[in-house]
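Asks: whatever this is, show me its structure:
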Amino acid sequence: MSSEKREQILADFIECTGLENEEECITILEQYQWNLLNAVQAVLDRLGGGSDTNIESTVPKHSTTTTTTTTSSHRSTTTKQSPVVKKPNHINSNHKRHSDSDDNNDSDEPRIIKSLPGGPKTNKGTSGTTNRGSVRELHFTIEYKDHTEPITVFDTDSIRQLQSKIAEKLHVPPNRQKFTNWTSKHYDDQTILKDLNLPKDNTIHLIATAPSMINGATRTSSSSASSSATTTTTSSRTSRHPTTPPKNASTTASPYFPITVLYEDKSGKSTPYELVLKPNTTIGEMKKEIEHVTRLPTRQQNWTGLFGAKDSDQLRQTSISRKAHLIVRKIESSSNQKISPNKPDHSTLIKQGSEDEPMDVDPVIDLEQDDDDINSLPRLSNTTTTTNVTSNRELLIPDRCTDDIMGLEHFSRVFHARFGSTGPILYIGSLDQAIQDSLYTSRNERRPLAIYLHNDRSVCANVFCAQVLASETTIEYLANNYVVWAWDITTDANRTRLLETFKRCIGPQYAQRISVMEKDAFPLLLILIRTRGSLELISIIEGKNTPSEVLLNLIQTHDIYEQQRQRDAEEEISREKRENLKKQQEDEYNRSLQADLAKEQARLADERRQKEEHDANERKQKEEHDANERLKQKHLQQQQECKARLPQEPNETEKDITRLKIRLPNDEGILMRRFRINDTLQILFDYLTSQGRMFGEYKLLSTYPKRDLTQLNRLDTFEQLKLYPQEQLILENL
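Replies: Now for the predicted structure:
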């Protein structure tokens, strides 16, 4: 783990626990292998697990666990929810310090615990330590039509969270997902995967069901029914885990007022919030706390179960009982209730955004932004087609464009003319060039590739461009962290060209995936990275996402890329070291074969002494012995062959003969022999070979004129070479 990551974990740990001693914090984190969640949980349990006389817990232990998870997962909301978890000053505070802290805690601020959807379930009467069991990774292989998609989740996730990840990968809404090979398992959307006792590797056969219609009732009615069922299920689950007051609080005059509030969002999904309040807390203060955690303004809250209580009334003055269950919903405005029948695409877009893709809410963005975005879209009449909307405007990429550079320059000009912003800084060039310059460049300059696909026929096109691509924040983040390439597929010709380019540059599976997407899913922002040498599409950001969701997705995707890039860099460095070492060894070995084997053995033994001294010596000795034996056998065979074909030496009395006197090197002696003058030079070389002088290992020099006979034509006769009637030759080793 890098030092920067450790410093970030240490800072988060100090922020979550309130500890001031950095050395003690580091010790605790090292004890839990730098697992932030486990370390924070351990500190909170130690603070809340003392004797009843010294430490008085104000929040039930099982709620504290859930709150800690929320704190570590959503740091942006923790600072505004200070009553959630009381931060201790030091983990080693004495009993007196704890008592003083509890005695001085007379604040009327309520303590809020958000039950995370899909989080680990808690049995009644168990402490927070039950939730900290080992967390497993579950690997799912989703088989859908002719496509297979791997998905990894934790066993603490819910069925709903698994369905959401499937929807992100395969674009099948959760409410239309059916697992055909899970017929024997009993589960609902809130079921935790751990409760199903699944193996580590699982296969799901997915079928996309059609939207249900009963007696003309559309999807809205079925959704409402599902919402009611969800509310009932959630309520029953919450009632099985009531908030337990502190042990020192009597049942007759308890100073605490526990209440469970069910918040129903637009899709009808209920989220329980457990409040531990003081009896003198007013209804208005309770509403403000719900506003803090749900981002639902008090003026838009519609409550059920207040029995006519006013905002100024205190809880003890109302008819609300302890452990009561209240329901809060958003007040629907008249503009949202009266939806024109000519806008089916808009309502579908709103429903899909709320049901199929639940996202964390950015506290900076107003919750009404989604509604404003949808209301600002162009409304189509019954006789107006989508093509008419774009017929009078200039396309971002000209129709039938075959020049990528010209098309992308045209894209930038038209984008600026439409939206008053230059938009993201585009890579001007072909897609394959963009891939090479972003994903296959040097390790330090490598960046993920963001591919923007525009479609003017989509209802989200204008809103996405104006609010996301024209945003200075998005432009700056893309420029600093991504390489951006764009294309307009509004026309069929440009769409066909893009799909062909995708098949060639990225892969046919990704081209098929883009080709089957509905036009209202556009614009698309595709994030492409390189994993282990192959291209991978890790994220598809659709046009219906809000600016904050897009930016969050870009940040998360870049974090994934950075982690993968770090792993690839480490593997690449390791591979380069191995290859360099291997190449160095091969070069040394090849050089060793060209030198004297005995000297080479000593040199190699010295270089490889630390690694394989014993084995290297034995191997080199065996190689030397084998080479010498082979060389001896070869020389012996050549000697025998030359001796066999060497003509008999002529007599002294014969005519036309020559006498050759050959002086050997190193005073080894003199060789003398008679040859016929019509014998060739090759016979002389055969004679020397028969005497153990291998051709190629020596030079044979004549005295006058001085010349090397080994460089002459071996078919020339002694007569032609004027080596008669006698000649003295000198043999020199090479």
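Asks: could you name the helices and strands sitting against the longest helix that the chain contains?
Replies: Looking across the chain with DSSP state H, the single longest helix is helix 547-594. Judged by 3 or more C-beta pairs under 8 Å, 6 or more residues apart in numbering; DSSP states H and E, helix 547-594 is in contact with helix 472-481, strand 524-531, strand 534-542, helix 597-607. Yep, even glycine has a C-beta here, placed from its N, CA and C like the rest.
Asks: report whether Gln161 is found in a helix, as I expect.
Replies: Yes. Judged by DSSP: H, G, I helix; E, B strand; the rest coil, Gln161 forms part of a helix.
Asks: and the pLDDT at it?
Replies: As predicted, Gln161 sits at a pLDDT of 89.
Asks: same question, Glu727
Replies: We have a pLDDT of 90 for Glu727.
Asks: so what's Ile259 bridging to?
Replies: Going by DSSP bridges, Ile259 is paired in beta bridges with Leu275, Ala324.
Asks: now stretch 315-331: mean pLDDT?
Replies: 86.
Asks: correction: the previous question concerned stretch 141-154.
Replies: Average pLDDT, stretch 141-154: 86.
Asks: can I get that stretch in PDB, CA atoms only?
Replies: What follows is stretch 141-154, C-alpha atoms only, in PDB (Å, rounded to 0.1, in the frame of the first residue of the first chain):
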ATOM      1  CA  THR A 141     -21.700 -14.900 -14.100                       C
ATOM      2  CA  ILE A 142     -24.800 -13.300 -15.600                       C
ATOM      3  CA  GLU A 143     -26.000 -15.100 -18.800                       C
ATOM      4  CA  TYR A 144     -28.400 -12.900 -20.800                       C
ATOM      5  CA  LYS A 145     -29.300 -13.700 -24.400                       C
ATOM      6  CA  ASP A 146     -26.000 -14.400 -26.100                       C
ATOM      7  CA  HIS A 147     -23.900 -12.300 -23.700                       C
ATOM      8  CA  THR A 148     -22.100 -13.200 -20.500                       C
ATOM      9  CA  GLU A 149     -21.200 -10.600 -17.900                       C
ATOM     10  CA  PRO A 150     -19.100 -11.100 -14.700                       C
ATOM     11  CA  ILE A 151     -20.200  -9.200 -11.600                       C
ATOM     12  CA  THR A 152     -18.600  -9.200  -8.200                       C
ATOM     13  CA  VAL A 153     -20.500  -8.100  -5.000                       C
ATOM     14  CA  PHE A 154     -20.100  -8.500  -1.300                       C
END
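Asks: for that stretch, buried residues please.
Replies: Ile142, Tyr144, Glu149, Ile151, Val153 (16 or more other C-beta atoms under 10 Å).
Asks: hmm, back to that, turn the helices and strands packed on helix 547-594 into a markdown table, columns for mean pLDDT.
Replies: Output for the helices and strands packed on helix 547-594, formatted as a markdown table (pLDDT from 0 to 100):
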| stretch | mean pLDDT |
| --- | --- |
| helix 472-481 | 90 |
| strand 524-531 | 90 |
| strand 534-542 | 89 |
| helix 597-607 | 79 |
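Asks: I'd like those laid out as a markdown table, including distance to Leu712.
Replies: Below are the helices and strands packed on helix 547-594 laid out as a markdown table (distance: least, C-beta to C-beta, whole Å):
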| stretch | distance to Leu712 |
| --- | --- |
| helix 472-481 | 74 |
| strand 524-531 | 63 |
| strand 534-542 | 62 |
| helix 597-607 | 32 |
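Asks: let me know which of those is tucked in deepest.
Replies: Across the helices and strands packed on helix 547-594, averaging neighbours per residue (mean count of other C-beta atoms under 10 Å) puts strand 524-531 on top, at a mean of 21.
Asks: the residue most central in space within the chain and Ile527, how far apart?
Replies: Computing the C-alpha centroid of the chain and ranking residues by C-alpha atoms, centre = their mean puts Ile560 first, at 3.8 Å. Distance of Ile560 to Ile527, computed by C-beta to C-beta, to the nearest Å: 9 Å.
Asks: check contacts around Thr680.
Replies: If you count contacts by C-beta atoms under 8 Å, 6 or more residues apart in numbering, Thr680 has them with Arg714, Leu715, Asp716, Thr717.
Asks: enumerate the beta-bridge partners assigned to the nearest residue to the second one once chain neighbours are set aside.
Replies: Right, Leu715. Using C-beta to C-beta, 6 or more residues apart in numbering and skipping residues adjacent in sequence, the residue nearest Leu715 is Thr680, 5.4 Å away. Beta-bridge partners for Thr680, by DSSP bridges, are Thr717.
Asks: hang on, His454 packs against Asn462?
Replies: No. Here His454 lies out of contact with Asn462, judged by C-beta atoms under 8 Å, at a distance of 10.6 Å.
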